[in-house]
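Peer 1: This is a predicted model, with the sequence first.
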Amino acid sequence: MLSHASSLAAIVAPTINSYRRMVPGFEAPVYIAWGRANRSAVIGVPINERNKFKSKRIEFRAPDPSSNPYLAFSAILAAGLDGIKQKIDPGSPIK
């Protein structure tokens with residue numbers, strides 16, 4: 001999803017106001033990276049609950065409420081599956 005983040009931005013942030021919220025200081029993501037506790041990363045990996053070490057979740061934080069949810073979900077899923085298929089290493093998380 002990180003390698004497709006710039007392409008996904010056209011679908012999940014379709015208006016000018018969508019891009020205006022993506023600046024430092026707002027709750028929207030600013031960096032194309034992933035992190036555990038950093039709210040500026042486009043992909044967040046929440047900390048697991050106790051006794052659930054096998055469960056993993058990610059949150060893609062770029063979608064705007066003005067995007068088409070059906071188109072956004074299918075594009076995000078396709079990008080995620082492409083990364084799994086190509087075995088792309090996401091790198092280390094930002095802090």
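Peer 2: Yes, it's here. Keep in mind that this is a model prediction, so the values were computed, not measured. Residues are numbered from 1 along each chain as shown.

Peer 1: lowest-pLDDT helix or strand in the chain?
Peer 2: helix 16-20 (a mean of 84; mean pLDDT, DSSP states H and E).

Peer 1: measure the residue sitting nearest the centre point of the chain to N51 for me?
Peer 2: For the chain, the residue nearest the mean C-alpha position is F60 (2.6 Å; C-alpha atoms, centre = their mean). Distance, F60 to N51, by C-beta to C-beta, to the nearest Å: 26 Å. Backbone N, C-alpha and C define where each C-beta goes, glycine included.

Peer 1: can you check P63 too?
Peer 2: According to C-beta to C-beta, P63 and N51 sit 31 Å apart.

Peer 1: So between those two, which is more surrounded?
Peer 2: Shown here are P63 and N51; by other C-beta atoms under 10 Å, P63 has more neighbours (21 against 7).
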